[in-house]
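Enquirer: How does the following fold in three dimensions:
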Amino acid sequence: MNFDEIRLQIAGFQKCIMLPIIGAGFFLTFFSLLRRHRLVYTRAMDNIADTIWLEINLGAIRRNVQRLAQISGKPVMAVVKANAYGHGLINVSRAVLKEGVNRLCVARFEEANVLRMAGIDAPILVLGFTSPEHAVEAARLNIGLTVYRNQTAAQYAEVMAGEKNSLKLHVKVDTGMGRLGLFPEEAPAFVMQLRLKKNLVVEGLFTHFACADEIQTKTTEMQLSKFNKVISELESGGFRPAIIHAANSAAALKYPEAAFDAIRPGIAIYGLDPSDEVPLPAEFEPALAWKTRLTSLKVLPPGSGIGYNCRYVTTKKERIGACAVGYADGLRRRLGNIAILRGKRISQVGGMCMDQSMYQLDGVPEAQAGDEVVLLGQQGEERISAEEIGRSWDTNNYEVVCGLTARVPRYYIDE
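Expert: Predicted structure coming up:
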């Protein structure tokens, strides 16, 4: 990276910081995001001095967005909640918008506000509940909110009375998730009443599929049927919201009839499978690698305890290495985590520490302190995927990447 690139990025950060900020909590969140997200490089990274870091390829994310748009033939509403599934909210959002994404989706108003403070002016939809206290600010910042309760709708109308801006709303219908949303039979009347309220605009209608990532199709087909009935009733009453959306990543791949006006993918954008039953096509690219360094290497005698509570005891002379990664970074506190060192798999031994973990290195005699260790990603011919880690942790790939904590530096390439 040359000096001009660095200066341009820093100037952008200064511009962001000068934007209006609501409360010290928002400022701290925003400053933390900027501080932990390194400048974007346009070449593969080397000579990183950190002892733990993430490498995120924005080029892979952009190409995944292209593939999803081609598959569905519809605009993409990119889900970037939870710090863009651990990949970095601001940098990922900028990357997908360059690929023609027409809307960003987050879970909470605070996430949307961080995007606005970063100078991102694209339409944003908050998928979760937003307190009426934020409604006026949401309207001012062109942030769309989700609504599904009469009480909340009335409160939005009350606080928006007399405002010069209108609040854009997307009505959520619960067709079978059992989470947020109106029952389908309630939705048409709710929408029609909402349209009568001053300074409230019904921009969208949506639902969320509970089982689109499963082989069985009965549940999703039932949900689609309920949702289509709501749309038909609204159209019979002379109204159709401008943006009807339902398809998550799995549905975008498996149910073309669920695409409606736009698809709403999350996990697939990052090159990760929606599930084992609904994997991504082979051309999709995982965008994230998680790496650390070997910071210590010792040959310990038989009978040596390793880590807290000595949960592992050497049975012979053993080479034990320490790496700068622990459960405070997102590595699950369990026995048997796997990593790659010098192209070979190594096993974690002993109790996981907050900031460090230990590995048995007898199978890698050439290892040296300072070596790169891959926790997620590829080194040589060996590869560890988020899906593999999720299975070993008895969870899924979503939890693996979303659990990568803010203190882990993110480095970006675009290739």
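Enquirer: in stretch 305-320, what counts as buried?
Expert: 306, 307, 312, 314, 318, 319, 320 (16 or more other Cβ atoms under 10 Å). Placement of C-beta: from N, CA and C, glycine included.
Enquirer: With stretch 179-198 instead?
Expert: Quick answer for stretch 179-198 (16+ other Cβ under 10 Å): 180, 181, 182, 184, 187, 188, 190, 191, 194, 197.
Enquirer: Grab the two from those residues that are most spread out in space.
Expert: 184 and 197 (21.5 Å; Cβ to Cβ).
Enquirer: Ramachandran angles for residue 118?
Expert: Residue 118 adopts backbone torsions of phi -80, psi 0, taken as degrees, to the nearest 10.
Enquirer: ugh, wrong one, residue 369
Expert: phi -60, psi 140.
Enquirer: From residue 324, how far off is it?
Expert: Residue 369 sits 11 Å away from residue 324, going by Cβ to Cβ, to the nearest Å.
Enquirer: so where do the helices sit in the chain?
Expert: 3-17, 23-36, 58-72, 81-85, 89-98, 109-117, 135-140, 150-160, 187-194, 218-236, 249-254, 386-392, 397-402 (DSSP state H).
Enquirer: just so I know, which of those helices lies nearest residue 269?
Expert: Comparing the helices of the chain by Cβ to Cβ, helix 58-72 comes nearest, at 5.4 Å.
Enquirer: Filter the buried residues of stretch 305-320 down to just the ones in strands.
Expert: 306, 312, 318, 319, 320 (DSSP state E).
Enquirer: mind putting those in JSON lines, distance to residue 164 and pLDDT included?
Expert: Shown next, in JSON lines, are these (distance: Cβ to Cβ, whole Å; pLDDT from 0 to 100):
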{"residue": "306", "distance to residue 164": "65", "pLDDT": "96"}
{"residue": "312", "distance to residue 164": "65", "pLDDT": "95"}
{"residue": "318", "distance to residue 164": "71", "pLDDT": "98"}
{"residue": "319", "distance to residue 164": "69", "pLDDT": "98"}
{"residue": "320", "distance to residue 164": "66", "pLDDT": "98"}
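Enquirer: which two in those residues are spaced the farthest apart?
Expert: Largest pairwise distance in these, by Cβ to Cβ, is 13.4 Å, between 312 and 319.
Enquirer: Touching, residue 101 and residue 77? I think so.
Expert: Yes - assessed by Cβ atoms under 8 Å, residue 101 is found in contact with residue 77 at 7.2 Å.
Enquirer: any low-confidence regions in this protein?
Expert: 1-47 (pLDDT under 70).
Enquirer: Look through it and tell me its longest strand.
Expert: Longest strand in the chain, counting by DSSP E: strand 288-300.
Enquirer: Give me the helices and strands touching it, please.
Expert: strand 52-57, strand 318-323, strand 372-379 (3 or more Cβ pairs under 8 Å, 6 or more residues apart in numbering; DSSP states H and E).
Enquirer: Give me whichever of the ones you listed is most buried.
Expert: strand 52-57 (a mean of 24; mean count of other Cβ atoms under 10 Å).
Enquirer: in this structure, which residue is closest to the centre?
Expert: Closest residue to the average C-alpha location of the chain: residue 85 at 1.7 Å, with Cα atoms, centre = their mean.
Enquirer: my guess is it contacts residue 401, does it?
Expert: Yes - contact criterion Cβ under 8 Å: residue 85 and residue 401 qualify, at 5.1 Å.
Enquirer: anything in contact with each of those two?
Expert: 270, 272 (Cβ atoms under 8 Å, 6 or more residues apart in numbering).
Enquirer: Would you mind measuring from the residue nearest to residue 254 when sequence neighbours are not counted to residue 213?
Expert: Once flanking residues are discounted, residue 254 sits nearest to residue 278: 5.9 Å by Cβ to Cβ, 6 or more residues apart in numbering. Distance of residue 278 to residue 213, given as Cβ to Cβ: 5 Å.
Enquirer: Which neighbours do these two have in common?
Expert: Common neighbours of residue 278 and residue 213 (Cβ under 8 Å, 6+ apart) are residue 250.
Enquirer: Between those two, point out the one with more neighbours.
Expert: Counted by other Cβ atoms under 10 Å, residue 278 and residue 213 do not tie: residue 213 has more neighbours, with 22 against 17.
Enquirer: can you pull the contacts of the more buried one?
Expert: 249, 250, 274, 275, 277, 278.
Enquirer: now do residue 79
Expert: 105, 106, 127, 248, 264, 265, 266, 269.
Enquirer: okay but the third one is in contact with residue 106, surely?
Expert: Pointing back at residue 127 there. Yes - using Cβ under 8 Å, residue 127 is in contact with residue 106, at 6.8 Å.
Enquirer: who touches both of those two?
Expert: 79, 81.
Enquirer: In stretch 257-272, which residues are buried?
Expert: 258-272.
Enquirer: do stretch 293-303 as well
Expert: For stretch 293-303, a neighbour-count test (16+ other Cβ under 10 Å) marks 293, 294, 295, 297 as buried.
Enquirer: Quick one: residues in contact with it.
Expert: 51-52, 306, 313-324, 341, 356, 361, 367-373.
Enquirer: ok, how many other residues are close to residue 326?
Expert: So residue 326, with other Cβ under 10 Å, has 17 neighbours.
Enquirer: do the one 3 residues further on as well
Expert: One way to gauge burial is a neighbour count; for residue 329, by other Cβ under 10 Å, it gives 22.
Enquirer: separation between it and residue 191?
Expert: Relative to residue 191, and taking Cβ to Cβ, residue 329 is found at 45 Å.
Enquirer: swap in residue 161?
Expert: 20 Å.
Enquirer: same deal with residue 260?
Expert: 16 Å.
Enquirer: Same question for residue 137.
Expert: Taking Cβ to Cβ, one finds residue 137 at 24 Å from residue 191.
Enquirer: Alright, calling it a day.
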